[in-house]
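*Asks:* Mind looking at a prediction? Sequence and model below.
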Amino acid sequence: MKKINLGGVLILSILLSLGACSKDQQLPSPQTVTMSASRQQDIGTGSVKGRLNPVPLTADIYLYNESGTYYTKMNMDGSFFLDGIPGGTYHLKIDFTYESRFNPRQQGERIIDGVEVTDGNTTSMGQVELQWIN
């Protein structure tokens, strides 16, 4: 059996969605699959976290520079977390969808330049303010 270290919650979700197991089925032992919801940060990389305010309906978050692009989706509470990012200076782009009084689905974008990521550390963006037209 091949060992996998993706986090137990993700693996259980994938197995359930594929119908590969039921909720009552015994999962492999911790020696085979790490059952941790949080992942230890890779050595030589950093991470970026923040919270969108106000919380949009959906948001795609991109962290990019000349060496690569990293992507995540916003959590239900507006928070986001990108990890495994090599140290460097990045642009943070947020593509979001929101509701206004006159139009149920509007698109918005916010770009923040100069986001510094350092190896072994988490860069906190704090509350990232989004603006849209009602």
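*Replies:* Sure, I can see it.
*Asks:* could you list every residue that touches residue 121?
*Replies:* Going by CB atoms under 8 Å, 6 or more residues apart in numbering, residue 121 touches 46-47. Where you see a C-beta, it was placed from the backbone N, CA and C, and this is true even at glycine.
*Asks:* rerun that using 7 Å as the cut-off
*Replies:* Applying CB atoms under 7 Å, 6 or more residues apart in numbering to residue 121 gives the contacts residue 46.
*Asks:* separation between it and residue 105?
*Replies:* 37 Å (CB to CB, to the nearest Å).
*Asks:* Could you pull out the strands in the chain for me?
*Replies:* 45-53, 58-65, 68-73, 79-86, 88-98, 106-117, 122-129 (DSSP state E).
*Asks:* Dump the ones you listed to CSV, plus mean pLDDT and mean neighbour count.
*Replies:* Formatted as CSV, the strands of the chain follow (pLDDT from 0 to 100; neighbours: other CB atoms under 10 Å):
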stretch, mean pLDDT, mean neighbour count
strand 45-53, 97, 19
strand 58-65, 97, 17
strand 68-73, 96, 13
strand 79-86, 97, 17
strand 88-98, 97, 18
strand 106-117, 95, 13
strand 122-129, 97, 13
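*Asks:* Return the set of residues that bridge with residue 96.
*Replies:* Here residue 96 sits in beta bridges with residue 59, residue 108, as judged by DSSP bridges.
*Asks:* now it: how far from residue 45?
*Replies:* Counting by CB to CB - residue 96 and residue 45 are separated by 26 Å.
*Asks:* And residue 121, by the same measure?
*Replies:* 10 Å.
*Asks:* ditto for residue 120
*Replies:* 8 Å.
*Asks:* Show me what stretch 89-101 is in contact with.
*Replies:* 52, 56-65, 105-117, 125, 128, 130, 132-134.
*Asks:* hmm, 6 Å instead?
*Replies:* 56-65, 105-113, 115-116, 132, 134 (CB atoms under 6 Å, 6 or more residues apart in numbering).
*Asks:* Same question for stretch 74-81.
*Replies:* By CB under 6 Å, 6+ apart, the surrounding residues in contact with stretch 74-81 are 49-52, 55, 59, 61, 72.
*Asks:* Lovely, talk soon.
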